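Q: just coords:
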């Protein structure tokens, strides 16, 4: 069976060496695996949550698309597209929003972090929190579910989002009675390298310590020579452990080259010589890619055409047919196709409402009272045991007055009189 693997690439900022080693290089290598259908998309809609600079958003999208193409991603062998070019994703986001539990979204890491910070600062809990930040997990779920991806490579901090995508997909499947969505799995690679930046901390735009991936050769050399080192001079043995310079070299060198470089550290190589060797090793790998990148950046129309073509083919193959099926599933249907029902003699046996007990994905026990057409009249909240749920069902079956329905354990989906009438019909049939 072919495994579908989906990777989202947020279009914010200029790619740096850490992005290349930790994400781009391994993902491009993985795209060539047999029995794998790979999806790579530029998450430009996601980027709008933090960035409201249109020009920067456009520029970053171009730079990141050119980076992936320059680094060897083959758009004729993988799906490479821009998120905003697939409008079915945003339509699916709304469908999932209508089944997503707010309680689950309240627990999303990014939202909770923002609320916690506001509370610590004495602010309103939701100060500065946009609906986009709150709904981010639903859009991410739509990105994944629309193509029924089996695996999504993520860091451990993103596992929660994959679990949410599973929850929303499962709820939709349950509500509409069919397995429309494959439930994805998080693909964790603990061996993915995390590069140090110029100051020794993790290379990150937020720390302003990055080395741009395609910096010109002279700028690359200048940045490499500015990497923080200790005061030990030539001839003094140097530690590879904790050395940002050594870790950077290791990320670009072969095991044999790394062993030789480690021995030079033990022999007391001078920092200037070590930085020169690091610069030459990085540039040897990056220079050919830089040349391709610059050629791609000089022809943005070609990149635009590649992205639009990828989205067009992907919509035809997967997105448009799936959304047509989902629209029908939720009832957004062609009215001219409504069947004409001829009047018939009422059957002698009247269909009755019925209670249904079940266990949901949260592990708790629920029940609902539905009429003969399946319309829910009463929906319970969760119980710790089926016995507790059954007790309340027994109480409700005897309810004759509205005040008997005033319990926080249930939620009326219809006016109380209609629910009481259904219960009365049930009692009459069971008498």
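A: Ah, there it is. As the structure is a computational prediction, the values presented were derived from the model and not from experiment.
Q: and stretch 134-143, what's buried?
A: 134-143 (16 or more other CB atoms under 10 Å). Glycine gets a C-beta too; all of them are placed from N, C-alpha and C.
Q: in the stretch 1-150 of the chain, which spans are strands?
A: If DSSP state E, counting those that start in this stretch is used as the criterion, the strands of the stretch 1-150 of the chain fall at 3-10, 36-43, 79-82.
Q: in its sheet, which strands sit next to the shortest one, and in what direction?
A: When pairs are called by DSSP bridges, strand 79-82 turns out to pair with strand 36-43 (parallel).
Q: could you list the low-pLDDT ranges of the stretch 51-200 of the chain?
A: Scanning the stretch 51-200 of the chain for pLDDT under 70 picks out the ranges 190-192.
Q: ok, residue 79 - contacts?
A: Shown in contact with residue 79 (CB atoms under 8 Å, 6 or more residues apart in numbering): 37-41, 147, 310, 313-314.
Q: got it, and residue 66?
A: So residue 66 contacts 293, 296-297, 303 (CB under 8 Å, 6+ apart).
Q: 10 Å instead, please
A: 15, 214, 292-300, 302-303 (CB atoms under 10 Å, 6 or more residues apart in numbering).
Q: can you check residue 296 too?
A: By CB under 10 Å, 6+ apart, residue 296 lies in contact with 62-63, 65-70, 302-303, 306.
Q: now these in JSON lines, with distance to residue 170?
A: JSON lines is the format used below for the contacts of residue 296 (distance: CB to CB, whole Å):
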{"residue": "62", "distance to residue 170": "37"}
{"residue": "63", "distance to residue 170": "37"}
{"residue": "65", "distance to residue 170": "33"}
{"residue": "66", "distance to residue 170": "38"}
{"residue": "67", "distance to residue 170": "35"}
{"residue": "68", "distance to residue 170": "32"}
{"residue": "69", "distance to residue 170": "36"}
{"residue": "70", "distance to residue 170": "39"}
{"residue": "302", "distance to residue 170": "41"}
{"residue": "303", "distance to residue 170": "37"}
{"residue": "306", "distance to residue 170": "35"}
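Q: which among the residues you listed end up buried?
A: 62-63, 65-70, 303, 306.
Q: quick one: contacts for the residue most central in space within the chain?
A: Nearest to the geometric centre of the chain sits residue 140, at 3.7 Å (CA atoms, centre = their mean). Applying CB under 10 Å, 6+ apart to residue 140 gives the contacts 8, 43, 46, 93, 108, 152, 154, 158, 161-162, 164-165, 168.
Q: same check, this time on residue 65
A: Residue 65 neighbours (CB under 10 Å, 6+ apart): 9, 11, 40, 42, 73, 75, 80-82, 296-297, 300, 303-304, 306-307.
Q: by neighbour count, which of these wins?
A: Highest neighbour count within these: residue 11, with 27 neighbours (other CB atoms under 10 Å).
Q: between the contacts of residue 296, which sits nearest residue 239?
A: Minimum distance to residue 239 across the contacts of residue 296 is 33.3 Å, recorded for residue 67 (CB to CB).
Q: how close does that closest one sit to residue 24?
A: Residue 67 is 6 Å from residue 24, where distance means CB to CB, to the nearest Å.
Q: in a markdown table: the buried residues of stretch 134-143, plus distance to residue 382.
A: Below are those laid out as a markdown table (distance: CB to CB, whole Å):
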| residue | distance to residue 382 |
| --- | --- |
| 134 | 23 |
| 135 | 24 |
| 136 | 26 |
| 137 | 21 |
| 138 | 22 |
| 139 | 27 |
| 140 | 26 |
| 141 | 22 |
| 142 | 26 |
| 143 | 29 |
